[in-house]
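# generate a structure from the sequence data that follows.
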Amino acid sequence: MTPKTHTSRRVPIIVGTFVLGISSMVYLHLGEPSQLFSAPSNFVMPKSESFVTPRFDALQTQLKADKQNGKLWFELGHEYMARGEFDNASTVFHYAERLSSDPAADIFSAQATARYYANKQRFDDQVQTWLNEALKRDPNNASAHMLIASDHFLSARYPLAIEHWETILDANHPDIDRVAIITSIHQAKRMM
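Model prediction:
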């Protein structure tokens, strides 16, 4: 077995592990929106027959009582993301956006992330629009940069992935996993 064959067999395992790690980091670092006020006029509670956690159930109960609480919608979106229900996550993140008079960058990066995963990890015009809006509102938005870096890594555009991870590190976000990002950078450098 040549070194190149050995390396090429490890690539799918490394990429799969990396994608799982980055996906988890993106979910954990989406943050919370601020200043959420008005409600959607056509409220529809998303339904799901899949596994219901106590937190998921509590959020739905709270939303039935307070349909205009954008923060709760945003949190419910995180729960849908954790369950792998990306279309539902996108819908409730959209509600959180509509409930805000001035949506935070995290709402747009959350919508972009949900749609990206619903699209089988592919960018489309709407994902790009939401990412652009997130970065316009906060040029150092960790969630937006994590999603972009992940996509670059999966597409073997390692220098671009590294650039976005370094942007996250340079911004000194207190809630990021610096070790995981540095590990990802080293892994991308080994793949180049």
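# so what's Tyr95 closest to, chain neighbours aside?
If the residues on either side of it in the chain are set aside, Tyr95 comes closest to Trp73, at 4.4 Å by C-beta to C-beta, 6 or more residues apart in numbering. For every residue, glycine as well, the C-beta is placed using N, CA and C.
# please read the previous query as pertaining to Asn140.
Ala171 (3.7 Å).
# on that earlier part again, right, and the residue nearest to Tyr95 touches Pro103 too?
No: applying C-beta atoms under 8 Å, one finds Trp73 not in contact with Pro103, separated by 11.5 Å.
# so what sits against both of the two?
Shared contacts of Trp73 and Pro103, defined by C-beta atoms under 8 Å, 6 or more residues apart in numbering, comprise Ala96.
# between those two, which is the more surrounded one?
Neighbour comparison, Trp73 and Pro103: the larger count goes to Trp73, with 28 against 23 (by other C-beta atoms under 10 Å).
# who touches that one in this structure?
Trp73 makes contacts with Leu36, Leu63, Val92, Phe93, Tyr95, Ala96, Leu99, as judged by C-beta under 8 Å, 6+ apart.
# where does the second one fall, secondary structure wise?
In this structure, Leu63 sits in helix 54-65 according to DSSP states H and E.
# what are the C-alpha coordinates of that helix, in CSV please?
Coordinates of each C-alpha in helix 54-65 appear next as CSV, following Å, rounded to 0.1, in the frame of the first residue of the first chain:
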residue,chain,number,x,y,z
PRO,A,54,-38.2,17.7,28.0
ARG,A,55,-36.6,21.0,26.8
PHE,A,56,-38.4,20.7,23.4
ASP,A,57,-41.7,20.0,25.1
ALA,A,58,-41.2,22.9,27.5
LEU,A,59,-40.5,25.3,24.7
GLN,A,60,-43.6,24.3,22.8
THR,A,61,-45.7,24.7,25.9
GLN,A,62,-44.2,28.1,26.5
LEU,A,63,-44.8,29.1,22.9
LYS,A,64,-48.5,28.1,23.1
ALA,A,65,-48.8,30.7,25.9
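# list the buried ones in it?
Phe56, Leu59, Gln60, Leu63 (16 or more other C-beta atoms under 10 Å).
# next: stretch 89-101.
Buried residues in stretch 89-101, defined by neighbour count with 16+ other C-beta under 10 Å: Ala89, Ser90, Thr91, Val92, Phe93, His94, Tyr95, Ala96, Glu97, Arg98, Leu99, Ser100.
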